[in-house]
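Enquirer: Could you look at this predicted model? Sequence included:
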Amino acid sequence: MHFRKLILSVLPLLFIFISCTSEHSKIVVAEYGDHKVYLDEFEKAYAKNSGGYEKAKTDSLESLRKFLDLYVNYKMKLRDAFVRGYTKDPDMQKELIDYKRNIGSTLFLEDHLYGPALRKMYERRKTEFKAAHIMLIPDSTMSAEETEKLGNQLIERINNGEDFAKLAEEYSKDVYTNKRGGVVGWVTSGIIIVPEIEEAIYSTEPGKIYPKLVRSNYGYHILKVLEKQPRKEQVKAQHIMVSILDSTGVKDSTRALKKILDIEKKLKEGADFNKMALEFSEDKMTASQYGDLGFLSRGRIDPKFEDVIFSLNVGEISPIIQTTIGYHIIRVNEIIPMLSYKEVQDELKDMYIRTYFKRDYEKLLDSLRNIYNYKVNHGIYDKLIESASAIRSGRNFPATEFKKTLGPEVLFTMANKYYTVDSLMSYIVRTEQYNYTLLTADNIKDIYNNYTEDTALKMKAEEYDKESQEFASLMEEYEKGIYLFKILEEEVWSKVVIDSVMIQNYFDNHREDYKWKDRVEFKEIYTSTDSLINHYYSLAISGEDFDSLVVKYSQRKGYENYPGYYGLVEIDANDLAKNANALKNIGDISKPFRFQDGWSIVKLVKREGARLKNFDEVKAEIASLLQEKESKRLEDIYINNLKCIYKPKIYYNELVNAFKN
């Protein structure tokens, strides 16, 4: 009874929704020739070009009217493309097929390989593990079978209570970790280059060993997870370092220890860490920047350093740490939480390509070959491999005896299509990697495998628009795009002629329209922190060469090859120009000021007053302007010709119904 009431209450709403949708598909907003534009089509096109349906609902009627005018012109152009036979043009259809294969392959791999894998890696990287291993390597004294047997025996002994660390020290062949009980350190997804090891670690609880021996290219591994915790993306830290070497390069640990103990005592008494680093740190690379180490990530620094840094909270100062180069005291200034997926997507992709990609790609392509009923002709394949050293690809291939005997033979079939040895040779020529070289059996095997993979991937791409609406829409837009491009090329761009006389005449008649405002030329030192910029400012005004300071310290991206130099810039262009303009004399240096996400100081290099631009300075700008005007004139003529043919009728009054439901 309740279900029946629910259905009866929903039916009127459903009827209203269907009615509104179907009504919009019946409302005609424009006609051209025998063709109609319906309101639902218009709404979809408008929303796509204006930022979505919700924004479109708030747009003015005038905006809808203007877009409808443009949309009808667009539809008439597409109709003209059909009349001209573009849809049957061999060159254009080949371009469409090539695009479909290339983009379809990319989208398919994104949807079925990269996308899922990167998402999985991102989720996994929210956790990190402290891991240890015992690595066993077959050698002249122990076969692979014997090594595997030993590994399984060790797993049993550990499960029976023997100490993992002691067994690692006794049996592990990893000379970097065996003396510390097999401890590798903290790891997370993307860092481990052996996928099987990563899978094992992520499936093991802290304090446990993975129950099976794991095989890699390096040998066999017994894996143990020691700890597990939420991962810190990066830590920003600074340090004070005292070298175990004295000023003459002689080792003097006693001096170094006494000095670092004195520094630690002063810090505990409240001394400023920045000042202490600047005055006492013997790390020449960082001392002038208050010991700033920048942002640090796991796996890229000394393990002793790493364990301490990643255990500190913001503002905490470490105890003294001894490394091979000296003694350190560290302070953590910032902890970066996990970045968003979008922010790290490129980095994830790089890590994935280094680790899982090859295995996953081959597995995916194997599944495609199976779908398309791939079958190899083993007899011909074996002859091909046997003849590898006699094959020379490239232009000389057609004249070889090999082509005459094996060229026409079927090498494999896929999706009921036959692929010959000749087709493989053509593939080699297209890829260009092995052209004009003597091939080996291994070369041929790799090339053959790549060829069958590429063939299967292109087959999937050619039909992927039937599976992916995104790809189907992309193909539809691309097809329309190449037709419109061809029309504009024929009707507009090929007819635009702008010569130097036209440019000169326009310049002579509009000389007053082209003026420079007052401009300044300056150099900048930029850094992310105010303490550093104040230090650089004091160095600059004390007489140190500004250019040298720029090269050494400025963090402005993109200006590495132009040591902080900006050409002539209008005085109100940005805060850099405004501060440079405020300086009195050439060579003066500004005080530090906030700019963008950091701090800057600028040095005034040159001033230039307002003036008219000369011909050389504006001819490119005028040429572009004249081309734009002439293109607009020719396109208007073309549109008017279409209007004469199709006599469009536009029903603006129907637009009041747009985006109402």
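Expert: Received the coordinates, thanks.
Enquirer: which regions of the stretch 301-450 of the chain sit below the pLDDT cut-off?
Expert: Where the stretch 301-450 of the chain drops to pLDDT under 70, the residues are 392-401, 435-437.
Enquirer: in this structure, which residue is closest to the centre?
Expert: By C-alpha atoms, centre = their mean, the chain has its centre lying nearest to residue 346, at 3.4 Å.
Enquirer: On the three-state scheme, that one is what?
Expert: helix (DSSP: H, G, I helix; E, B strand; the rest coil).
Enquirer: separation between it and residue 47?
Expert: Residue 346 sits at a distance of 30 Å from residue 47 (criterion: C-beta to C-beta, to the nearest Å). Where C-beta positions appear, they are placed from N, C-alpha and C, glycine not excepted.
Enquirer: Likewise for residue 87?
Expert: Residue 87 is 27 Å from residue 47, by C-beta to C-beta.
Enquirer: Check residue 30 too.
Expert: For residue 30, the distance to residue 47 (C-beta to C-beta) stands at 17 Å.
Enquirer: what distance separates the start and the end of stretch 504-519?
Expert: End-to-end distance of stretch 504-519: 26 Å, with C-alpha to C-alpha, to the nearest Å as the criterion.
Enquirer: Now find how far off-centre it is within its chain.
Expert: Taking the mean of its C-alpha atoms, stretch 504-519 sits 43 Å from the chain's own mean (C-alpha atoms, centre = their mean, to the nearest Å).
Enquirer: In that stretch, which residues are buried?
Expert: In terms of neighbour count (16 or more other C-beta atoms under 10 Å), stretch 504-519 has its buried residues at 506-507, 519.
Enquirer: Over to stretch 577-595?
Expert: Of the residues in stretch 577-595, those with enough neighbours to count as buried (16+ other C-beta under 10 Å) are 577, 579-581, 583, 589-590, 592, 595.
Enquirer: tell me how far it is from the chain's mean position?
Expert: The answer for stretch 577-595 is 37 Å, by C-alpha atoms, centre = their mean.
Enquirer: Check stretch 114-126 too.
Expert: The chain centre lies 15 Å from the centre of stretch 114-126; the measure is C-alpha atoms, centre = their mean.
Enquirer: Which one of residue 30 and residue 47 is surrounded by more residues?
Expert: residue 30 (23 against 18; other C-beta atoms under 10 Å).
Enquirer: So the more buried one belongs to a strand, correct?
Expert: Yes. Per three-state DSSP, residue 30 lies within a strand segment.
Enquirer: What's the per-residue pLDDT of it here?
Expert: Listed pLDDT for residue 30 reads 97.
Enquirer: what's the closest non-adjacent residue to it?
Expert: Excluding its sequence neighbours, the residue lying closest to residue 30 (C-beta to C-beta, 6 or more residues apart in numbering) is residue 37, at 4.1 Å.
Enquirer: Low-confidence ranges, this protein, go.
Expert: Along the chain, the model assigns pLDDT under 70 to residues 1-24, 392-401, 435-437, 560.
Enquirer: what's the spacing between the nearest residue to residue 290 once chain neighbours are set aside and residue 267?
Expert: Excluding its sequence neighbours, the residue lying closest to residue 290 (C-beta to C-beta, 6+ apart) is residue 274, at 4.2 Å. From residue 274 across to residue 267, the span is 11 Å (C-beta to C-beta).
Enquirer: likewise residue 413?
Expert: Applying C-beta to C-beta, the value for residue 413 to residue 267 is 75 Å.
Enquirer: Can you get me a residue count around residue 182?
Expert: Neighbour count for residue 182, taken as other C-beta under 10 Å: 26.
Enquirer: just residue 536 next, same as before
Expert: By the criterion of other C-beta under 10 Å, residue 536 has 25 neighbours.
Enquirer: And for residue 351?
Expert: Neighbour tally, residue 351, other C-beta under 10 Å: 21.
Enquirer: same deal with residue 615?
Expert: Using other C-beta under 10 Å, the number of residues around residue 615 comes to 13.
Enquirer: close enough to count as contact, it and residue 504?
Expert: Yes. Using C-beta atoms under 8 Å, residue 615 makes contact with residue 504 at a distance of 7.2 Å.
Enquirer: A strand includes the residue nearest to residue 30, no?
Expert: Yes. Residue 37: assigned to a strand according to three-state DSSP.
Enquirer: mind listing what it touches?
Expert: 28-31, 68, 71-72, 75 (C-beta atoms under 8 Å, 6 or more residues apart in numbering).
Enquirer: Tell me the one of those nearest residue 660?
Expert: The shortest gap between residue 660 and any of the contacts of residue 37 belongs to residue 29, at 13.5 Å (C-beta to C-beta).
Enquirer: how close does the closest one get to residue 38?
Expert: The gap separating residue 29 from residue 38 is 7 Å, by C-beta to C-beta.
Enquirer: the more surrounded of those two?
Expert: Shown here are residue 29 and residue 38; by other C-beta under 10 Å, residue 29 has more neighbours (26 against 16).
Enquirer: if I look at the more buried one, how far off is residue 661?
Expert: For residue 29, the distance to residue 661 equals 16 Å [C-beta to C-beta].
Enquirer: Residue 441 too?
Expert: For residue 441, the distance to residue 661 (C-beta to C-beta) stands at 67 Å.
Enquirer: which SSE is residue 329 in?
Expert: strand 326-336 (DSSP states H and E).
Enquirer: So the nearest residue to residue 228 once chain neighbours are set aside: helix, strand or coil?
Expert: Leaving out its chain neighbours, the residue that sits closest to residue 228 by C-beta to C-beta, 6+ apart is residue 206, at 4.7 Å. The three-state label given to residue 206 by three-state DSSP is coil.
Enquirer: For residue 206, give me phi and psi.
Expert: Note on residue 206: its backbone torsions stand at phi -60, psi 140 [degrees, to the nearest 10].
Enquirer: For it, the count of nearby residues, please.
Expert: 13.
Enquirer: I'd like to check which residues are in contact with it.
Expert: Contact analysis of residue 206 by C-beta under 8 Å, 6+ apart lists 129, 225-228.
Enquirer: among these, which ones are buried?
Expert: Applying 16+ other C-beta under 10 Å to the contacts of residue 206 flags 129, 225-226, 228 as buried.
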